[in-house]
Structures are given as C-alpha cells and as structure tokens.
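Visitor: Got a sequence here, can you build the structure:
(one chain, ligands or ions: 2)
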Amino acid sequence: MLVFPNAKLNLGLYVTERRPDGFHWLESVFLPLPWTDALEIVPAPAGQATSITLSGRPIPGDPATNLCLKAYELLRADYPSLPDAQLYLHKMVPIGAGLGGGSADAAFALKAVNDLFSLGLSLEKLESYARRLGSDCAFFIRNQPVLAVERGDVFEEIELLVAGIPCVVVYPNLHISTAEAYGRIVPGPPTHPLREALAQPLETWRDTVSNDFEQALTPAFPVLADIKRQLYTAGAAYASLSGSGSAVYGLWPPGSEPAPLQWPVEFTVWQGRL
Ligand SMILES: C[C@](O)(CO)[C@H](O)COP(=O)(O)OP(=O)(O)OC[C@H]1O[C@@H](n2ccc(N)nc2=O)[C@H](O)[C@@H]1O
Ligand SMILES: Nc1ncnc2c1ncn2[C@@H]1O[C@H](COP(=O)(O)OP(=O)(O)OP(=O)(O)O)[C@@H](O)[C@H]1O
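Guide: Ligands and ions are numbered 1, 2, ... in the order given. Got it, this is the predicted structure:
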C-alpha cells in the first residue's frame, strides 16, 4: 500500500502553560499542507524480518528508531498476528522544520497498516495510538483543519476560508529541535483569542495572529525574521513561522500570486495552494 504523508502548518501558536510532565499546553490551528513524503508498506516475503528502506532527505538517527517502524511495532504489540512487513519511505518534507513530517509518517503508517491488514480500527482508536507516538501525530489521522489544544493532540472544529489560497513555505536548511525550542519559551495567555482572530479577514491576521516560537527563536536565528520580511515584500497577506520552526510560510489573498522570490541555494522552497 502506497500513501503520501503530508506536512502541516500552524496558524497561530500560543504556548500557555508548562505541565508538570515537562510538556506544554498549547493553542494552535493546524492546517494540512500538500507537501508530501511517500510511504509504501508491503507484507515481507516469507522468512524476512520487518525492515525499513529510506531514500530522499537524510533522516538523522538510527533507521531502527524511525517513527514509521515505531507505528508498525505499536500496532503489532496489540495485533500479534500482523505479519512482518517491508516499509519504504521516500523523505521529501524537511526535518526539524515545524512541519510535522515525522508525525505525519507515523500517522499515515498507522492508517496504512489498518487498511492493508483490515484491522477495522476506528478514527478514535487510530488517534489514541497516534498520541502515543508524538503530540503532533493525532492531527494527521483525520488530517483536516482544527483548533488544537492541550498537548496539541485534542481538537475542536473550526471553519476557515483558506482552502486553495496561494502559499509559499521556506525552509532555511536549519534543523531546530522541538524540545530545545520549547525550552526557550516563556508560557503565557494568547495576545488575541485565536478563534475570534481567525474569523476576521486574512489581511488582519498580521496584527492579531502570532506564533510564540517566533519571538523565542528569532534572537538566536535572525534568518527567520529575514524570510518573513521577504514574504511580506513579495505581497503575502500573512507570514509566520510554522510550529517550532524553522520553516516560515506566507499566505496570499485568493486570486493573487506571489511575486518572484530569490532564495539562497541551500534553502528548500515549496510553492502551491492550501
Ligand atoms: C511545535 C509543534 O509542532 C506544534 O504543532 C508540536 O507541539 C511539536 O509536537 P511533536 O514534534 O509531535 O512533539 P513530541 O515528539 O510529542 O515532543 C517533543 C518534545 O517537545 C516538547 N513538547 C512537545 C509538545 C508539547 N505540547 N509540549 C512540549 O513541551 C517536549 O519537550 C517533548 O519532549
Ligand atoms: N519518519 C521520520 N521523519 C522525520 N524524522 C524522523 C522520522 N522518524 C524519526 N525521526 C526523528 O525525529 C526527529 C525530527 O523530529 P522533529 O519533531 O524535530 O521534526 P519533524 O518531525 O520534522 O517535525 P516538527 O519540527 O514539526 O516536530 C529527527 O531528528 C529524527 O531523528
């Protein structure tokens, strides 16, 4: 079975409180972004153990710790009749980018195994497995715009008029560790209530919708502010860091087009529509 795990963007992100377990409460809107990896899962030939073959962008760390394998093993612990499998991951979404790429791979692996081996798991059950693999992971089960609260893994419905609008995402080839980024945050309440701010026209978001990681990370990584400035110069109506960075994105009003932009060769840029 071949699936295409997509990335996500955070539209506003407020880290409101540190929890006793070291995690944080947050409030953010998650949007699916059609920038994808490719993941294939097939039953292994007789006598061959479960394995993963990686291609594309190099993933730091031991392949044995890949989140796709972790997802497979998590289900196998509860469904021992699952056969050995071969996983093939072609990585295209930048890592340590705030785009949730690893979490998407894990969530899509859960969904693919559920379909391939007819486990019959409900979306709620898949979400509860996903939560055990990472805070961002549960979002990718339903993979639709939501207001995320608590650890970023509890969702409320939200109506947004962003489908199809032009978007540019810029990854400055800078891996920011999520744990380290949270370590730089001083939690506090949102400056503007997110749901209300996002109900207003796109052009107003610049003044009312922000990501707490931006202020926390920009002193150490001024390139993030440079990219944001360039996106606004190219006509973006709204620009922001995604998640804990380092990807920065711009959104353009419906019917408009980003002005041509020049980026250093080591940057990776995605341009398309939401
Ligand atoms: C920044 C976001 O991408 C916003 O969507 C997410 O909150 C990050 O989610 P994630 O990458 O799935 O994070 P996890 O793999 O669960 O956790 C990585 C590390 O981030 C920190 N972490 C994560 C989520 C959260 N609500 N509070 C935290 O403090 C913890 O130090 C944790 O050890
Ligand atoms: N399939 C995978 N894709 C990416 N990273 C993976 C994967 N499996 C395991 N990892 C590990 O997770 C780390 C990346 O996690 P990290 O949370 O920083 O980035 P991310 O998944 O790209 O998204 P985000 O920055 O939004 O959390 C990598 O350093 C790698 O060791």
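Visitor: Where does pLDDT dip in this structure?
Guide: Across the chain, not a single residue meets the criterion (pLDDT under 70).
Visitor: So which bits of it are right by ligand 1?
Guide: Residues of the chain lying near ligand 1 by Cβ under 6 Å from any ligand atom: 10, 22-24, 26, 28, 98, 100, 103, 134-137, 151-152, 178-179, 182, 243-244. C-beta coordinates here come from the backbone N, C-alpha and C atoms, glycine included.
Visitor: count of residues packed around the closest residue to ligand 1 within the stretch 151-274 of the chain?
Guide: Across the stretch 151-274 of the chain, the shortest distance to ligand 1 (Cβ to the nearest ligand atom) belongs to G243, at 3.3 Å. G243 has 25 neighbouring residues, counting by other Cβ atoms under 10 Å.
Visitor: What of K70?
Guide: As a measure of burial, K70 has 17 neighbours, counting by other Cβ under 10 Å.
Visitor: which non-adjacent residue is nearest it?
Guide: L133 (6.0 Å; Cβ to Cβ, 6 or more residues apart in numbering).
Visitor: Could you do F23 as well?
Guide: R151 (5.4 Å).
Visitor: Now do the contacts for the one you found.
Guide: 19, 23-26, 135 (Cβ atoms under 8 Å, 6 or more residues apart in numbering).
Visitor: Double-check that L11 belongs to a strand.
Guide: Yes. Looking at L11 with DSSP: H, G, I helix; E, B strand; the rest coil, it is inside a strand.
Visitor: Identify the residue nearest the geometric centre of the chain.
Guide: In the chain, the centroid-proximal residue (Cα atoms, centre = their mean) is G100; its distance is 2.4 Å.
Visitor: Quick check: that residue touching S135?
Guide: No. G100 is beyond contact range of S135, at 9.5 Å (criterion: Cβ atoms under 8 Å).
Visitor: hmm, back to that, gap between the residue nearest to F23 and S28?
Guide: 11 Å (Cβ to Cβ, to the nearest Å).
Visitor: So for the longest helix belonging to the chain, what gets flagged as buried?
Guide: With secondary structure taken from DSSP state H, the chain has its longest helix at helix 101-116. Within helix 101-116, the residues scored as buried using 16 or more other Cβ atoms under 10 Å are 101-114.
Visitor: Before I go, just wanted to say thanks for your time.
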